[in-house]
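> Model the structure of this input:
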Amino acid sequence: MDPIADITAREKEKLLVICGSENDRCFLTRCLDEAGYAVVISCTGDQGFEQIEVHKPEVVLLDLHVSGLCARQIVEKMAADEILRIIPVILLAGRDDMDAVEACLSLGADDYLVRPYSPTLLKAQVREFQQIRMRRLEQREQARLRLREKIEHDVEIARDIQLSFLPRELPKPEGWEVAAYFAPAREVAGDFYDAFSMAQGRRVGFVIADVCDKGVGAALFMALTRSLTRAFAQQNYSLNLMEGIGDDLPTAATNGGRRRKLPSIGSMALQNAVVLTNNYITTNHSELNYFATLFFGMLDPLTGALAYINGGHCPPIILGCDGEVKTTLKATGTPVGMLPDAQYTIGEAQLEPGDILFGYSDGITDARNPAGKMFGEKNMLALLQQKPVESAQELLQRVKTAVGEHISTADQYDDITMIAVRRLE
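As a prediction, the model looks like this:
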């Protein structure tokens with residue numbers, strides 16, 4: 001057969017007759033041909049159901065006595081399929097088949113014809129159920145649209161709620177500049193950043209984190225992690241009580257490998273924020289298999305001293321006033337929510353006048369262009385060190401512009417989050 005003629009023939013196939021009786025097949029085909037219908041014939045139930053799946057006919061005429069897959073099984077399979085259940089089924093029955101007819105009608109068949117078949121009734125039923133099928137299609141499409149609108153509305157609410165978790169205003173400690181940037185890859189994100197006062201205003205906390213997945217699940221886990229971290233960090237710890245603890249105070253590793261005791265103000269809050277968040281998640285939500293890489297820095301605005309915990313996050317970078325990389329703040333523990341009773345060491349660094357602390361999520365380095373090439377850490381470091389900037393915001397804008405040009409027309413692969421903290425000169 002000519003391929004074009006074959007396609008045209010398939011496009012015209014409207015009705016399917018599944019019938020084991022040759023006489024009935026000939027009669028039904030002749031009546032429907034006279035009415036202008038294109039008819040496909042199947043002699044067995046197995047062949048018939050295969051035709052239903054392939055051609056999605058407008059109406060099926062189904063013999064109760066077909067061999068192979070029986071009529072009841074065909075009706076059950078069609079009723080269980082979201083697409084096939086809209087196809088009307090007219091049963092072909094004898095006068096002694098009423099029990100079987102009732103059983104099939106209860107399972108989802110639509111009507112029946114009794115032998116000897118009336119050509120007039122046959123054509124009228126086919127026309128009626130063609131119209132019923134069209135109404136079912138319209139109803140299904142309307143239901144899909146309503147569901148889609150509801151989902152979009154719910155996701156929009158979720159996005160607004162998630163955005164409300166981000167700080168409305170960033171802290172403005174005297175002598176410092178703080179800037180942040182957040183661009184979710186989808187309507188909701190697994191990244192977040194936070195900045196807030198700690199230790200009764202003596203310290204400023206900065207958090208940047210990235211949940212291991214994307215979408216709604218990651219966004220919910222992000223909300224949980226952010227809320228726990230902020231709540232534990234802002235609990236009030238008495239200075240007198242901390243001084244009384246003595247040797248139990250958190251310690252930090254210095255560049256020479258020795259360990260020294262950190263100042264009491266805020267150190268316990270920093271460590272508790274991460275440790276208690278990790279313990280809560282691993283105790284109550286381990287079955288979710290979610291975790292978050294997280295960097296939590298605590299700044300003393302008076303001295304520029306920075307205490308931090310890096311739970312497996314991309315190492316933040318400290319840039320000097322000359323624009324060169326001074327140091328990177330590597331991991332001091334595992335991602336939050338990954339391991340029960342994980343240990344988190346407090347690291348320390350110093351921000352001098354003109355220095356910038358740059359924190360980021362891997363949405364920067366993993367950003368992909370239309371060819372699938374990643375932006376990469378090498379490009380990011382070169383970009384950061386191009387020339388000194390006049391502000392923290394200028395640095396974020398530089399990175400945002402370069403990454404946007406790299407992505408170009410491609411879809412954003414991952415959430416992009418950045419935070420920059422600059423000590424003024």
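> which ones are touching the residue nearest to Gln343 when sequence neighbours are not counted?
Counting by CB to CB, 6 or more residues apart in numbering, Gly333 is the residue found nearest to Gln343 once chain neighbours are left out, at 6.4 Å. C-beta here means a position set from N, CA and C on the backbone, and glycine is covered the same way. Residues in contact with Gly333 (CB atoms under 8 Å, 6 or more residues apart in numbering) are Val274, Ile309, Asn310, Gly311, Gly312, Ala342, Gln343, Tyr344, Thr345.
> One more: Lys77?
Neighbour list for Lys77: Phe49, Leu84 [criterion: CB under 8 Å, 6+ apart].
> wouldn't Ala93 be in contact with Leu113 here?
Yes - in this structure, Ala93 is within contact of Leu113 by CB atoms under 8 Å, at 7.1 Å.
> returning to what we had before: so what pairs up with the residue nearest to Gln343 in the strands?
Gly311 (DSSP bridges).
> Can you check the pLDDT for it?
Looking at Gly333, its pLDDT stands at 97.
> thinking again about what came up before, compare Ala93 and Leu113 and say which is more crowded by neighbours.
Taking other CB atoms under 10 Å, Ala93 and Leu113 do not tie; Ala93 has more neighbours (20 against 17).
> Okay, and the beta partners of that one?
With DSSP bridges applied, Ala93 shows beta-bridge pairing to Val114.
> so where do the strands sit in the stretch 1-150 of the chain?
15-18, 39-42, 59-63, 89-93, 111-114 (DSSP state E, counting those that start in this stretch).
> Out of those, which is the most enclosed?
Compared across the strands of the stretch 1-150 of the chain, strand 59-63 shows the largest average neighbour count, a mean of 26 (mean count of other CB atoms under 10 Å).
> May I have the strands that pair with that strand, each with its orientation?
Going by DSSP bridges, the partners of strand 59-63 are strand 15-18 (parallel), strand 89-93 (parallel).
> thinking again about what came up before, make a markdown table from the strands of the stretch 1-150 of the chain and add mean pLDDT to it.
Shown next, in a markdown table, are the strands of the stretch 1-150 of the chain (pLDDT from 0 to 100):
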| stretch | mean pLDDT |
| --- | --- |
| strand 15-18 | 95 |
| strand 39-42 | 93 |
| strand 59-63 | 96 |
| strand 89-93 | 96 |
| strand 111-114 | 95 |
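> Kindly present those as JSON lines, with separate columns for distance to Lys373.
Below are the strands of the stretch 1-150 of the chain laid out as JSON lines (distance: least, CB to CB, whole Å):
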{"stretch": "strand 15-18", "distance to Lys373": "51"}
{"stretch": "strand 39-42", "distance to Lys373": "50"}
{"stretch": "strand 59-63", "distance to Lys373": "52"}
{"stretch": "strand 89-93", "distance to Lys373": "54"}
{"stretch": "strand 111-114", "distance to Lys373": "60"}
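> Minimum distance to Arg168: which of those has it?
Nearest to Arg168 among the strands of the stretch 1-150 of the chain is strand 89-93; the distance by CB to CB comes to 59.3 Å.
> C-alpha coordinates for that closest one, CSV please?
Provided in CSV are the C-alpha atoms of strand 89-93 (Å, rounded to 0.1, in the frame of the first residue of the first chain):
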residue,chain,number,x,y,z
VAL,A,89,-18.4,0.8,24.6
ILE,A,90,-21.6,-0.7,23.1
LEU,A,91,-22.1,-4.4,23.9
LEU,A,92,-23.3,-6.8,21.3
ALA,A,93,-25.5,-9.4,23.1
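> neighbouring contacts of it?
By CB under 8 Å, 6+ apart, the residues outside strand 89-93 that reach it are 19, 24, 28, 59-64, 71, 74-75, 78, 100-101, 104-105, 108-115, 117, 125-126, 129.
> thinking again about what came up before, of the strands paired with strand 59-63, which approaches Glu34 most closely?
For the strands paired with strand 59-63, proximity to Glu34 was assessed by CB to CB; strand 15-18 is nearest, at 12.9 Å.
> centre of the chain versus that closest one, how much separation?
Remark: strand 15-18 is offset 43 Å from the chain centroid, using CA atoms, centre = their mean, to the nearest Å.
> Stretch 296-305 too?
Distance of stretch 296-305 from its chain centroid, counting by CA atoms, centre = their mean, is 35 Å.
> Check the separation of the first and last residues in that stretch.
The separation between the terminal residues of stretch 296-305, taken as CA to CA, to the nearest Å, is 14 Å.
> Show me the contact partners of that stretch.
With contacts defined as CB under 8 Å, 6+ apart, stretch 296-305 is touched by 173-176, 198, 202-207, 229, 233, 263, 265-267, 269-270, 273-274, 306-311, 316, 329, 348, 350-353, 355, 357, 359, 421, 423.
> Can I have the buried ones of those residues as a PyMOL selection?
In PyMOL, a selection of the buried entries from those looks like this (16 or more other CB atoms under 10 Å):
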select buried, resi 173+176+198+203+204+205+206+207+229+233+263+265+266+267+269+270+273+274+306+307+308+309+310+311+316+329+348+351+355+357+359+421+423
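> hmm, back to that, how much space between the residue nearest to Gln343 and Leu351?
As judged by CB to CB, to the nearest Å, Gly333 and Leu351 stand 22 Å apart.
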